[in-house]
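Trainee: Structural data only, the sequence is not supplied:
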């Protein structure tokens, strides 16, 4: 399967896989100069690239990079970015600095990863009640810790 991609910025770096076994492609910060992300601050970082998914049964998802979040507290402000199959704009990464230390995002730095997943198209069916289960409406730790 191929993913169509274009540079929307002349300085954009195309996503790359770190290894042949990588699940996703690293997205790069398309910045002209370093960007200081202060402790507790959020920012929208451009990647300079746009993609075209060829099917509504494939979704592109943007995830935080594990090293950036575990070592520096830089993660995705929205948890996971969902790229819809009909979106054709630039991929931008909403980051947040959860640490107590300012962090400089460098031009060309790997800031997130793009992973494709199957998406099951579905329609909603409103019903008056839902089938009963043993768990019922218990959630948020109701099944115990161990």
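Mentor: Yes, it's here. Everything quoted here is computed from the prediction, not taken from an experiment.
Trainee: roughly how far apart are the residue of the chain most remote from its centre and residue 139?
Mentor: Largest separation from the mean C-alpha position in the chain: residue 128, at 35.5 Å (C-alpha atoms, centre = their mean). Separation of residue 128 from residue 139 (C-beta to C-beta, to the nearest Å): 21 Å. The C-beta positions use only the backbone N, C-alpha and C, and glycine is treated the same way.
Trainee: cool, and residue 27?
Mentor: Going from residue 27 to residue 139 by C-beta to C-beta gives 33 Å.
Trainee: Between these two, point out the one with more neighbours.
Mentor: The neighbour count for residue 27 versus residue 139, taken as other C-beta atoms under 10 Å, is higher for residue 27 (29 against 8).
Trainee: Validate this expectation: that one resides in a strand.
Mentor: Yes - read with DSSP: H, G, I helix; E, B strand; the rest coil, residue 27 is one of the residues of a strand.
Trainee: list the contacts for it?
Mentor: Contact analysis of residue 27 by C-beta atoms under 8 Å, 6 or more residues apart in numbering lists 15, 47, 49, 62, 91, 93, 110, 111, 112, 113, 114.
Trainee: For residue 101, see how far away it is.
Mentor: 23 Å.
Trainee: what about the longest strand in the protein?
Mentor: Counting residues, the longest strand found in the chain (DSSP state E) is strand 42-52.
Trainee: Show me the contact partners of it.
Mentor: 3-9, 11-15, 27-31, 35, 37, 60, 77, 83, 88-97, 105, 111-112, 114.
Trainee: Just want the most central residue of this protein.
Mentor: Most central in the chain (C-alpha atoms, centre = their mean) works out to residue 62, at 1.8 Å.
Trainee: doesn't it fall inside a strand?
Mentor: Yes - per three-state DSSP, residue 62 lies within a strand segment.
Trainee: Contacts only, for it.
Mentor: Residue 62 makes contacts with 27, 76, 80, 81, 82, 83, 91, 93, 112, 113, 114, 115, as judged by C-beta under 8 Å, 6+ apart.
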